[in-house]
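Undergrad: Give the three-dimensional model of this entry:
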Amino acid sequence: MKAASIDLGTNTFRLLAIQVDKNSSPILTILYQDRKIVRMGEGLAATGKVTPQAQERALAALKDFKKALEEHGIDRIFVAATSVFREAQNAQTFLEKAREVLGVPIQVVSGEEEARLTLLGGLWNLKVQEGILFDIGGGSTEFIRFRERKPVNLISTPLGVVKLTESLLHHDPPTPQEMETLERVVTIEVKKVAETLGNHPLTLVGTAGTVTTLAAIDIGLSIYDHSKVHGHVLTRGRIEEMLKTFLVSTREERLKMKGMERGREDLIIPGTIITLKTMEVWDQKGLVVSDLGLREGVLLDGLGCR
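TA: Just a heads-up that it's a prediction; the model follows:
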């Protein structure tokens, strides 16, 4: 059987297509994967709606995905929509257009369900048994406390990198005053999470674009390589060094850094702050990078591979 999942995120749309060979333990072979930064949440904080331009970018990305799915003869498709689609006033209008393009139902997942699915995918092929997995998205950041690889508690916060960039960072590079406000906002939210999940030291697993981009920069990847990023350990000291560089560079200068993904050159700053504050609150000098997450979790859940 051939199956695929699509993660409709606030900033990035991700596609994964696989071949499933069902034996006593299913073997999953990747056939095709793609991701496109569409910035679906652009302007949402100001207007409460998805802009026509963002919808146009998103539908173009989905048409490309649909073509790839047809070329690979995919039998089953699972689609999950996240934060921006929970919040935008005109989300349903877009989702109807998206369903026409893809030809399958689209599930708008709650923050808690997004966290559960992200944990399912994020820990795939990692040997971490207990800790906290955090998923930095465009419209929200999820924190999942897990034990024996099972979720114990799940919290979704409004710390989205698109939201934070648009509402707080108005200069390039950001001013010291903007950074002070950003750090204060992030610290307050992360401490709230720690009060619920417990702030004693725990292994941290970071997933999604900010953390994988930081890993790619740390490794110095000219061409992105999943096998090198997944399982990579990032240290707090190295991330602090990268942040210093980001803050004295313009967007264009950041884009020239080896490992920086186009479309993330401004969002990397609030994402890095979220990462560092998470490490500080849980008193961790390092974190494990996961290059897997919601997209993989949606697929594994749909196929019953728990």
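
Undergrad: buried set for the helix ranked longest in the chain?
TA: The residue-count maximum for a helix in the chain (DSSP state H) belongs to helix 176-197. Under the neighbour-count criterion of 16 or more other C-beta atoms under 10 Å, helix 176-197 has Met179, Thr181, Leu182, Val185, Val186, Thr187, Glu189, Val190, Val193, Ala194, Leu197 buried. To be clear about C-beta, it is placed using only N, CA and C from the backbone, and glycine gets the same treatment.

Undergrad: And for stretch 90-109?
TA: For stretch 90-109, by 16+ other C-beta under 10 Å, it's Ala91, Phe94, Leu95, Ala98, Leu102, Val104, Ile106, Val108, Val109.

Undergrad: what's the spacing between the longest helix of the chain and its chain's center?
TA: Centroid separation between helix 176-197 and its chain, computed with C-alpha atoms, centre = their mean, to the nearest Å, is 19 Å.

Undergrad: Kindly report the same for stretch 206-221.
TA: Counting by C-alpha atoms, centre = their mean, stretch 206-221 comes out at 12 Å from the chain centroid.

Undergrad: Could you double-check that Ala88 lies in contact with Gly48?
TA: Yes: using C-beta atoms under 8 Å, Ala88 makes contact with Gly48 at a distance of 6.9 Å.

Undergrad: ok, the two, which is more surrounded?
TA: Between Ala88 and Gly48, counted using other C-beta atoms under 10 Å, the more crowded position is Ala88 (25 against 11).

Undergrad: Against Ala81, how distant is that one?
TA: 10 Å (C-beta to C-beta, to the nearest Å).

Undergrad: same deal with Leu300?
TA: For Leu300, the distance to Ala81 - C-beta to C-beta - is 18 Å.

Undergrad: can you list the domain ranges for this structure.
TA: As assigned by automatic domain parsing, the chain contains the domains 2-108, 127-294.

Undergrad: Rounded mean pLDDT for the shortest one, please.
TA: This predicted structure assigns domain 2-108 an average pLDDT of 89.

Undergrad: tell me the contacts of Ala216?
TA: Ala216 sits next to Tyr224, Val229, Lys258, Gly259, Met260, Glu261 when contact means C-beta atoms under 8 Å, 6 or more residues apart in numbering.

Undergrad: picking that back up, any chance of JSON lines for the domains of the chain, columns distance to Leu119?
TA: Below are these laid out as JSON lines (distance: least, C-beta to C-beta, whole Å):
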{"stretch": "domain 2-108", "distance to Leu119": "14"}
{"stretch": "domain 127-294", "distance to Leu119": "5"}
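
Undergrad: of those domains, which approaches Cys305 most closely?
TA: domain 2-108 (5.7 Å; C-beta to C-beta).

Undergrad: distance between the ends of that closest one?
TA: 23 Å (C-alpha to C-alpha, to the nearest Å).

Undergrad: Stretch 102-118 too?
TA: Stretch 102-118 has an end-to-end distance of 22 Å (C-alpha to C-alpha).

Undergrad: Contacts for that stretch, please.
TA: Contacts of stretch 102-118 (C-beta under 8 Å, 6+ apart): 6, 8, 62, 65-66, 77-83, 85-86, 91, 95, 98-99, 133, 135, 140, 142-144, 151, 154-156, 207, 293-294, 297-298, 301.

Undergrad: Can you point out the buried residues in the helix or strand hosting Ala54?
TA: Counting by DSSP states H and E, the element that carries Ala54 is helix 52-71. Neighbour counts using 16+ other C-beta under 10 Å place Ala54, Gln55, Arg57, Ala58, Leu59, Ala61, Leu62, Phe65, Lys66, Ala68, Leu69 of helix 52-71 among the buried residues.

Undergrad: Take those residues and write them to JSON lines, including distance to Gln33.
TA: Converted to JSON lines, the buried residues of helix 52-71 look like this (distance: C-beta to C-beta, whole Å):
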{"residue": "Ala54", "distance to Gln33": "23"}
{"residue": "Gln55", "distance to Gln33": "24"}
{"residue": "Arg57", "distance to Gln33": "19"}
{"residue": "Ala58", "distance to Gln33": "18"}
{"residue": "Leu59", "distance to Gln33": "20"}
{"residue": "Ala61", "distance to Gln33": "14"}
{"residue": "Leu62", "distance to Gln33": "15"}
{"residue": "Phe65", "distance to Gln33": "10"}
{"residue": "Lys66", "distance to Gln33": "15"}
{"residue": "Ala68", "distance to Gln33": "9"}
{"residue": "Leu69", "distance to Gln33": "12"}
